[in-house]
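> take a look and give me a structure for this.
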Amino acid sequence: MALVVGTISSKVPQSLTWMREWWSRIWKQSWQSCQDCVWSWAIIHLTIFGKVL
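Numbers count the residues shown, from 1 in each chain. The predicted model follows:
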């Protein structure tokens, strides 16, 4: 276990920056697509409710 932790901690600095960039990229993309989904969902529901009402 200590060997694994030592190996991970020695590789953390470069991999951490890579992970942070990767996560921020995914987060931005997913947030953008999530907003798009919410807007399209809202428009669809408003259209349906508009037709019903």
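
> now do residue 52, the pLDDT please.
Looking at residue 52, its pLDDT reads 72.

> can you map out the helices along the chain?
Taking DSSP state H to define them, one finds helices in the chain at 2-52.

> okay, the residue nearest the centre of it and residue 36: tell me how far apart.
Centroid check for the chain by C-alpha atoms, centre = their mean gives residue 27 as the closest residue, at 3.0 Å. Going from residue 27 to residue 36 by C-beta to C-beta, to the nearest Å gives 15 Å. Any C-beta I mention is one placed from the backbone N, CA and C, and that applies to glycine too.

> kindly report the same for residue 3.
Here the criterion is C-beta to C-beta. By it, residue 3 lies 46 Å from residue 36.

> got any ranges where this structure has weak pLDDT?
Low-confidence segments of the chain, defined by pLDDT under 70: 1-2, 4-12, 53.

> so residue 3 and residue 36 - more neighbours on which side?
Between residue 3 and residue 36, counted using other C-beta atoms under 10 Å, residue 36 has the larger neighbour count: 10 against 7.

> do you know how far residue 18 is from residue 25?
11 Å.

> with residue 52 instead?
Residue 52 is 41 Å from residue 25, where distance means C-beta to C-beta.

> higher neighbour count, these two?
Set residue 52 next to residue 25 and count neighbours by other C-beta under 10 Å: residue 25 wins out with 10 against 6.

> mind saving the C-alpha coords of stretch 43-52 as PDB?
Backbone C-alpha positions of stretch 43-52 (Å, rounded to 0.1, in the frame of the first residue of the first chain) are rendered in PDB as follows:
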ATOM      1  CA  ILE A  43     -39.100  25.200 -25.100                       C
ATOM      2  CA  ILE A  44     -40.600  21.800 -25.900                       C
ATOM      3  CA  HIS A  45     -42.700  21.900 -22.700                       C
ATOM      4  CA  LEU A  46     -43.800  25.500 -23.300                       C
ATOM      5  CA  THR A  47     -44.800  24.600 -26.800                       C
ATOM      6  CA  ILE A  48     -46.800  21.500 -25.600                       C
ATOM      7  CA  PHE A  49     -48.500  23.500 -22.800                       C
ATOM      8  CA  GLY A  50     -49.200  26.300 -25.200                       C
ATOM      9  CA  LYS A  51     -51.000  23.900 -27.500                       C
ATOM     10  CA  VAL A  52     -52.900  22.300 -24.600                       C
END
